[in-house]
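In: Fold the following.
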Amino acid sequence: MKLGLQLGYWGAQPPHNHAELVAAAETHGFDAIFTAEAWGSDAYVPLSWWGSTTQRLRLGTSVLQMSARTPTACAMAALTLDHLSGGRHIVGLGVSGPQVVEGWYGQPFAKPLARTREYIDIMRQVWARQAPVTSDGPHYTLPYDGSNATGLGKALKPIVHPLRADLPIFLGAEGPKNIALTAEIADGWLPLFYTPRMADTYNAWLDEGFARPGARHTRETFEICATAQIVLTDDPAAAYAAIKPFLALYMGGMGSEDTNFHAEVYRRMGHGEVVDEVTALFRSGRKDEAAAVIPDAVVDDSAIVGDADHVREQIKVWEAAGVTTMLVSPGSVAEIAQLAELVQ
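Out: Here you go, the predicted structure:
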């Protein structure tokens, strides 16, 4: 089992201790650091900033929102960071949701799976640098040929020769069809809410993708980097209370009331009644009550809370379920050292 440090995205202000967390992750043998983005801080600037202080850690995004960048712009940023880091970049992508895509980026959300396939094809053309990059669309047409086109667009190859012709791409997929697509066209999966209890279900969806013609990987070479909220504590009740507001936000407050992909993940886990109650309370402004109604067992489905022996045992359960890397968010250097010791 490997560990990745999930730095996430910023809140109202930049975090104060990420430099020391990154240094500790490298010292204690973590495999990677990851950054994220929502509608505030972006993922690439912090990853480049903190990554410049490292020598060994892989540098990943979990995840870049596809609608924030054209595929060629994303490929340019990726090849640039890959050069600067000596070939340590992982491109983690996700489609986000319609509220962010249409409300923040002003882009259409329709056909997310088809857009993902096309987006990745263009990025890989850039990195392969075998011919000028073209795409027939319909989502990303290169050269652009819309009704207001000048007709002067030219297919181009990147000026910079990529360090690697095939950078690893991981996808932050949540639904069955998207997970199957991930197994077919990507190099790894970045589940946000993963439960080992559903490993057989996940494997069935992944196997559908692995079996498709042209699939890039088998189960043996595919990575699953799952977010794992691990809290080492002798006071589980306090830890549960701290985690539940986060879950209430994602269950009840992300997306719209009718379109919340994170809520659907918990419905597939069998927690539909909890999701309904949390959503109703959260969207009526009763956020504290929404968090309070979440049972501890729901937290346990995608988190590990307890003493060192319990955490060590559960890490083995996640590994047996197929997870290759656990993305964790320790808040201190001491916690990083503790977690590193538990996976040795």
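In: Could you verify my assumption that residue 76 touches residue 158?
Out: Yes - counting by Cβ atoms under 8 Å, residue 158 is a contact partner of residue 76 at 6.9 Å. Every C-beta, even on glycine, is put in place using the N, C-alpha and C of the backbone.
In: shared neighbours of those two, anything?
Out: Shared contacts of residue 76 and residue 158 (Cβ atoms under 8 Å, 6 or more residues apart in numbering): residue 126.
In: what's the residue closest to the geometric middle of this structure?
Out: For the chain, the residue lying nearest the average C-alpha position, counting by Cα atoms, centre = their mean, turns out to be residue 62 (3.3 Å).
In: what's near enough to touch that residue?
Out: Shown in contact with residue 62 (Cβ under 8 Å, 6+ apart): 6, 34-36, 43, 92, 170, 172, 190, 225, 227, 327.
In: which residues of the stretch 1-150 of the chain fall in strands?
Out: Per DSSP state E, counting those that start in this stretch, the stretch 1-150 of the chain has strands spanning 2-8, 32-35, 58-61, 64-65, 89-94, 135-136, 141-142. These are given in chain order.
In: Which of these sits closest to residue 198?
Out: strand 89-94 (19.8 Å; Cβ to Cβ).
In: Determine the longest helix present in this structure.
Out: Once the chain is assigned using DSSP state H, the helix that runs over the most residues is helix 112-128.
In: That one - contacts with which helices or strands?
Out: If contacts are counted by 3 or more Cβ pairs under 8 Å, 6 or more residues apart in numbering; DSSP states H and E, helix 112-128 sits against helix 71-84, strand 89-94, strand 135-136, strand 169-171, helix 176-185.
In: Make TSV from those and add mean neighbour count and distance to residue 287 to it.
Out: Putting the helices and strands packed on helix 112-128 into TSV (neighbours: other Cβ atoms under 10 Å; distance: least, Cβ to Cβ, whole Å) gives the following:
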stretch	mean neighbour count	distance to residue 287
helix 71-84	20	34
strand 89-94	25	25
strand 135-136	14	43
strand 169-171	25	30
helix 176-185	21	29
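In: any low-confidence regions in the chain?
Out: Judged against pLDDT under 70, the chain has no low-scoring part.
In: Can you pull the domain assignment for it?
Out: 2-229+303-342, 234-302 (automatic domain parsing).
In: Helices along this protein, start to end?
Out: Going by DSSP H, the chain shows helices at 18-27, 44-51, 71-84, 98-103, 112-128, 176-185, 199-210, 236-248, 261-268, 272-283, 287-292, 296-302, 308-320, 333-342.
In: hmm, back to that, want to try JSON lines for the strands of the stretch 1-150 of the chain, with distance to residue 109 as columns?
Out: Formatted as JSON lines, these follow (distance: least, Cβ to Cβ, whole Å):
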{"stretch": "strand 2-8", "distance to residue 109": "23"}
{"stretch": "strand 32-35", "distance to residue 109": "23"}
{"stretch": "strand 58-61", "distance to residue 109": "20"}
{"stretch": "strand 64-65", "distance to residue 109": "11"}
{"stretch": "strand 89-94", "distance to residue 109": "12"}
{"stretch": "strand 135-136", "distance to residue 109": "19"}
{"stretch": "strand 141-142", "distance to residue 109": "18"}
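In: who wins for proximity to residue 120 among those?
Out: For the strands of the stretch 1-150 of the chain, distance to residue 120 was read as Cβ to Cβ. The smallest value, 7.5 Å, belongs to strand 89-94.
In: That closest one pairs with which strands, parallel or anti?
Out: strand 58-61 (parallel), strand 64-65 (parallel), strand 169-171 (parallel) (DSSP bridges).
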